[in-house]
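1. got a predicted structure here, sequence first:
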Amino acid sequence: MKFKIIIKTGLSFLLIAAAESSVATTGYFSLGYGPKSSAMAGAVVAAPQDATIAAVNPAGIGVVGNRVDLSLMLFSPIREASLDPRAAGGTFEVRDKSSRDFFVIPTGGISEKINEQWNWGFTVYGNGGMNTTYSRNIYDETFAVLGAGANAKFVKEGQGTNFANTGELMIDLGQAIFAPTISYKVTPNHIIGVSALLGVQYFKAKGLGDFQGFANPGATDLTNNGYDFSYGAGVRIGWLGKIHEKVSLGVSGSSPVYMTEFHKYSDLFAEKGGFDIPANFTAGIAIKPVSDVLMSFDFQRIFYAGVNSIANKGPVLGPAGTTIPSGQGQLGEDNGIGFGWNDVNVYRLGLKYQYNQNWSVSAGYSWNDRPFEKDQLLFNIISPAVNTKHMTFGFTYNMNTESELSVSYMHAFKETMSTNKTAFGVPGSISMYQNSIEIGYSLKF
């Protein structure tokens, strides 16, 4: 009884910690959850490693045993962006590096056997997020130069360049999921599982006043309104099957997590502040060619295009200047302009080698589609998700029969997106690379 109280108390603290900023890599979803998963580039839908598997495939808790897994990731994304008004008569390039470089992201899970067929679990994890903080307002400094040019003004009657709220430029988005889970062993080799996905997310924006011209007249819920929170729910269903003594398959699908609106930013996001967490689907295979080697491959599709505030096209360059794309509405409307993101395919390879009874080492590689095209670069200066390639490795040390220590490292290779003509009519670029180190402790009981 005392043991379970300790576990529940620890998880309660973890739930609180999960509200801290989380930043992600495949678009804005995380690459992996927990150091064992991260070390294999997240290729674990058919290769469960620990109780955090419910973040990928809820059926996996039926094979990982009775355990508690807790971890902390130190995540460092290095982001830089620029616009170059020299092409329109300016005298300098506006370039800045985002100032906040480190984030601490907790993950945790518990799984326990109920009887021979049933297992239950609970997982909490940072689903993803995005943060950029530019001391120079890249939009405003560029817009000030363009104010004297022919393409200076947004194409809207009566709007000019003298907008408020154009100081520090930043956004801060974080998403956490709490996933109570249950699994059922249909046959000795086939397990199904289901997780309720209880979501909480926060958002804050500053310095977007130059886009007041794309909002309805008198709009006050566009920028500089502090933090706002939204809440919602969805479901994830998974299957894990051993089809051969050396081969396992896994499939998992998540509905959208339907979130309440960000009311303080109802003039920024489409559907009056709507920002659901996208649906996603994952399928994979795990092979053990020999007893001490595990190889896995996963395919995931994230349906960013199903969320209007993410998928709707952003500003474009028209004959008279920066304008709203054909068929799109103003900020905050159901079809209001957004970030222009498409669905993303993610491919993951993982490898694990059991060196001896106490030590195992893992490695992985992941590549994915870029979520947006060059014509959408302007808005994505504040969400520069350009990374498509990730390398990972890690190890696990079994300290005794009850305790494990795991460490993983991830590197997202630097990538840059550039265009000669953004929606402001001038060249622009965004770039990012990432590093992370995650340390986890596991207690088996």
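-> Thanks, I have the structure now.

2. keeping just the C-alphas, turn stretch 344-352 into PDB.
-> Written as PDB, here are the backbone C-alpha positions of stretch 344-352 (Å, rounded to 0.1, in the frame of the first residue of the first chain):
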ATOM      1  CA  VAL A 344       3.600  14.800 -42.400                       C
ATOM      2  CA  ASN A 345       5.000  11.300 -43.000                       C
ATOM      3  CA  VAL A 346       7.600  10.100 -40.500                       C
ATOM      4  CA  TYR A 347       9.900   7.100 -41.000                       C
ATOM      5  CA  ARG A 348      11.900   5.600 -38.100                       C
ATOM      6  CA  LEU A 349      14.600   3.000 -37.800                       C
ATOM      7  CA  GLY A 350      15.700   1.500 -34.500                       C
ATOM      8  CA  LEU A 351      18.300  -0.900 -33.300                       C
ATOM      9  CA  LYS A 352      19.000  -2.400 -29.900                       C
END
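
3. can you give me the buried ones in it?
-> For stretch 344-352, the neighbour count (16 or more other CB atoms under 10 Å) marks Val344, Val346, Arg348, Leu349, Gly350, Leu351, Lys352 as buried. Placement of C-beta: from N, CA and C, glycine included.

4. export those to a markdown table and append columns for secondary structure.
-> Output for these, formatted as a markdown table (DSSP: H, G, I helix; E, B strand; the rest coil):
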| residue | secondary structure |
| --- | --- |
| Val344 | strand |
| Val346 | strand |
| Arg348 | strand |
| Leu349 | strand |
| Gly350 | strand |
| Leu351 | strand |
| Lys352 | strand |
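
5. distance to Tyr139 and pLDDT for those residues - can I get that in CSV?
-> CSV is the format used below for these (distance: CB to CB, whole Å; pLDDT from 0 to 100):
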residue, distance to Tyr139, pLDDT
Val344, 26, 97
Val346, 31, 98
Arg348, 35, 98
Leu349, 39, 98
Gly350, 40, 98
Leu351, 44, 98
Lys352, 46, 98
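
6. quick check, nearest of the residues you listed to Gly174?
-> Lowest distance from Gly174 to these (CB to CB) belongs to Val344, with 19.5 Å.

7. the closest one contacts Asn368, doesn't it?
-> Yes - contact criterion CB atoms under 8 Å: Val344 and Asn368 qualify, at 5.6 Å.

8. so which strand or helix has the residue lying closest to Val56 once chain neighbours are set aside?
-> Closest residue to Val56 apart from its sequence neighbours, by CB to CB, 6 or more residues apart in numbering: Val45 at 5.3 Å. Val45 belongs to no helix or strand when assigned by DSSP states H and E.

9. count of neighbours near Val45?
-> Using other CB atoms under 10 Å, Val45 has 31 neighbouring residues.

10. for the stretch 1-150 of the chain, give me the ranges with low pLDDT.
-> Residues of the stretch 1-150 of the chain meeting the criterion pLDDT under 70: 1-24, 147-150.

11. at 50 what do you get?
-> Along the stretch 1-150 of the chain, the model assigns pLDDT under 50 to residues 1-2, 5-6, 8-9, 11-13, 15-16, 18-19, 148-150.

12. residue ranges of the helices in it, please?
-> 2-17, 35-39, 138-146 (DSSP state H, counting those that start in this stretch).

13. okay, and the common contacts of Val344 and Asn368?
-> Taking CB atoms under 8 Å, 6 or more residues apart in numbering as the criterion, Val344 and Asn368 both touch Thr26, Gly27.

14. I'd say the residue nearest to Val56 and Ala59 touch.
-> No - using CB under 8 Å as the test, Val45 is too far from Ala59 to be in contact (9.2 Å).

15. overlap of the contact sets of those two?
-> The contact lists of Val45 and Ala59 share Gly238, Gly250, Ser252, where a contact means CB under 8 Å, 6+ apart.

16. reformat those as a markdown table; add neighbour count.
-> Formatted as a markdown table, those follow (neighbours: other CB atoms under 10 Å):
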| residue | neighbour count |
| --- | --- |
| Gly238 | 27 |
| Gly250 | 26 |
| Ser252 | 28 |
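
17. so Thr392: helix, strand or coil?
-> Per three-state DSSP, Thr392 ends up strand.

18. tell me what the closest residue to it other than its chain neighbours is bridged to.
-> The shortest distance from Thr392 to any non-neighbouring residue, by CB to CB, 6+ apart, is to Gly364 (4.3 Å). Beta bridges link Gly364 to Gly350, Thr392, judged by DSSP bridges.
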